[in-house]
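**Student:** Sequence first, predicted model second:
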Amino acid sequence: MPAVPEWDVLLRGGVLRALSQRGCRSGWTVSNFRGRARLHITARAAGGHRRQLLLPYPWESDQLEAIRDGVVKLYGDFQEGIPLEQAVAELGAAMAEAQARRETPSPTSGTSAPHTSAPISTAAGRPVPVDWPGLIRRYQQHKLRSGEIKESTWERLYKPRMALLLKTAKGPPAVRDAKHLLEAQADLWRQRPGCRTRRLQIQYTAALLRWGVSEGLLPAHWAPPPDLTSTIGRSRESKTITTPIGVEDILAMVQAIPDPRWRLAFQLINAFGLRPEELQHLQLRQGRLWCTYEKVASRGKTKPRPLRLLPCDSWAAAWNLVEPFDPALLPPMRAGFGSDSFSRYLLRREHWQNLRRQYDAQGEKLVLYSCRHGYAHRAHVICDLPPKVVAAAMGHSVQTHLAAYSRWCGDDVVDDAFAKAERRLSETAET
């Protein structure tokens, strides 16, 4: 029997590692079938029926990244309820489209040209293409190597926006400098000035361009303007602020969730004020539940922290979540996509939809993060805990805490706080 080539082992191992990072512990493997990549899914991992799917990739050494990324995408689609046959067909269509773009001849030379290149001018006046894919790869390496972001953050936030950058850089019309590129992206949301999606796309693109110019990888005319306000635009719509979920609604929602795995997840984020992503980073240490998630942000990196129930939440204490805790009892979620997976599940629950409509009717907005907001709200309004203490318990800085949660400090909250202070002072004076 001929020896298995080294790249074959690396390919299989790379797929397994990528899947494990996204919550797939076992059951998904790839192999060679007559020169094509084939995906195997065990009955347990596929929901009761063993599956074998032929993928649109040749089993070759230069296809390692394509096969790995394709299988990861299929796993994500499967978790979101998309039929695997449909997901494989979409992979094939995307691959065929990419191949067609690569083979499209240049209108001037009649030869193939990279579809993501944009002409720039040299001193001699000759157009020189920008290697956008190469630039993005180097930017990704810089962000990961410097520790500014994690790989899951790149996959979740940067990668989709970099893909859109490649699309707009392609044209038509061909972009010639930073101004044209940013305006081409703004035109994608011309009817929605100032919207969050448009703002983030332009900010991420500007950051890439700024880095490319500073590193000498792009000429100076690719430097974005220091003020992006006019390109982002100003929203004409009033922003709806997400609001804390009420305790009665928490308890009713727990009763309405049929799957014990998702029910436990919902109980945990409400009882401890967790980010949905933190569900994948919980462990028991000497009888206490800890969160080991490290969120990288502009103000630094969060530290592992012990989780605490609020003194006012006797209903959460009655759930007895700590002693029997086992990560295997939680639902599978892709690393970096915890909030997305959880939100999709809740949106399929009728009671959650009813609650959202009730909140909308009151001019409020109910989202998954309303559970974390509810923890902060109860900590301040009911328990009278200071912001510094609550921020530490929730795993973020005091500045972030005040910026996020001071928006709910209405007149009723202020009046209640003053009344409590007056009572405390009166009791102190009497003693």
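**Tutor:** Nice, thanks for sending it over.
**Student:** When you work out contacts or count neighbours from here on, use the C-alpha atoms and nothing else.
**Tutor:** OK.
**Student:** Once you drop chain neighbours, what's closest to Val367?
**Tutor:** Distance criterion Cα to Cα, 6 or more residues apart in numbering; nearest residue to Val367, sequence neighbours excluded, is Thr242 at 6.7 Å.
**Student:** What separation do you get for the one you found and Asp360?
**Tutor:** Distance of Thr242 to Asp360, given as Cα to Cα, to the nearest Å: 10 Å.
**Student:** Quickly list what's touching both of the two.
**Tutor:** Common neighbours of Thr242 and Asp360 (criterion: Cα atoms under 8 Å, 6 or more residues apart in numbering): Leu366.
**Student:** And the two? Which one has more around it.
**Tutor:** The residue with more neighbours, out of Thr242 and Asp360, is Thr242; 18 against 13, by other Cα atoms under 10 Å.
**Student:** Now do the same contact list for the more buried one.
**Tutor:** Thr242 touches Glu364, Lys365, Leu366, Val367, Tyr369, Ser370, counting by Cα under 8 Å, 6+ apart.
**Student:** and which of those residues is nearest Trp28?
**Tutor:** Nearest to Trp28 out of the contacts of Thr242 is Tyr369 (Cα to Cα; 31.3 Å).
**Student:** residues touching that closest one, list them.
**Tutor:** Contacts of Tyr369 by Cα under 8 Å, 6+ apart are Thr242, Arg275, Pro276.
**Student:** Tell me which residues are up against stretch 387-401.
**Tutor:** With Cα under 8 Å, 6+ apart, stretch 387-401 has contacts from 272-274, 299, 302-308, 376, 379-380, 402.
**Student:** re the thing from before, and the contacts of Thr242, which are buried?
**Tutor:** The neighbour count (16 or more other Cα atoms under 10 Å) marks Glu364, Lys365, Leu366, Val367, Tyr369, Ser370 as buried among the contacts of Thr242.
**Student:** Tabulate those residues in TSV, adding columns for pLDDT, distance to Thr168 and secondary structure.
**Tutor:** Conversion of the buried ones among the contacts of Thr242 to TSV gives the following (pLDDT from 0 to 100; distance: Cα to Cα, whole Å; DSSP: H, G, I helix; E, B strand; the rest coil):
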residue	pLDDT	distance to Thr168	secondary structure
Glu364	85	36	coil
Lys365	88	33	strand
Leu366	91	34	coil
Val367	91	32	coil
Tyr369	90	33	coil
Ser370	91	35	helix
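**Student:** Please parse the protein into its domains.
**Tutor:** If you go by automatic domain parsing, the domain ranges for the chain are 6-103, 130-232, 247-428.
**Student:** Ranked by average pLDDT, which of these falls at the bottom?
**Tutor:** Note on the domains of the chain: domain 6-103 shows the lowest mean pLDDT, a mean of 82.
**Student:** and that domain, how far out from the chain's middle?
**Tutor:** Put simply, domain 6-103 sits 21 Å off its chain's centre (Cα atoms, centre = their mean, to the nearest Å).
**Student:** Equivalent analysis for stretch 146-161, please.
**Tutor:** 9 Å.
**Student:** Can we start the residue count at 623 from this point?
**Tutor:** Renumbered: residue one is now 623, and that last one reads stretch 768-783.
**Student:** Need the residues that contact it.
**Tutor:** Gln762, Lys765, Leu766, Gln823, Tyr826, Thr827, Val918, Ala919, Ala957, Gly958, Phe959.
**Student:** what does stretch 993-1000 give?
**Tutor:** Here stretch 993-1000 makes contact (Cα under 8 Å, 6+ apart) with 865-868, 891-897, 932, 934, 1012, 1027.
**Student:** The chain: strands as residue ranges?
**Tutor:** Counting by DSSP state E, the chain has strands at residues 650-655, 658-663, 673-680, 741-743, 749-751, 904-907, 910-913, 918-919, 922-923, 927-928.
**Student:** Can you name the residues in contact with the longest one?
**Tutor:** Counting by Cα under 8 Å, 6+ apart, the neighbours of strand 673-680 from elsewhere in the structure are 657-665, 685, 688-689, 707, 710, 713-714, 717.
**Student:** for that strand, which positions count as buried?
**Tutor:** In strand 673-680, counting by 16+ other Cα under 10 Å, buried: Leu676, Leu677, Pro678, Tyr679, Pro680.
**Student:** hmm, back to that, which ones among the contacts of Tyr991 lie within helices?
**Tutor:** Using DSSP state H, no member of the contacts of Tyr991 sits in helices.
**Student:** His973: which of those is nearest?
**Tutor:** So of those, ranked by how close each gets to His973 (Cα to Cα), first place is Thr864, at 18.3 Å.
**Student:** Could you report the pLDDT at the closest one?
**Tutor:** Looking at Thr864, its pLDDT reads 75.
**Student:** what are the bridge partners for it, then?
**Tutor:** Following DSSP bridges, Thr864 is listed with bridge partners Lys987.
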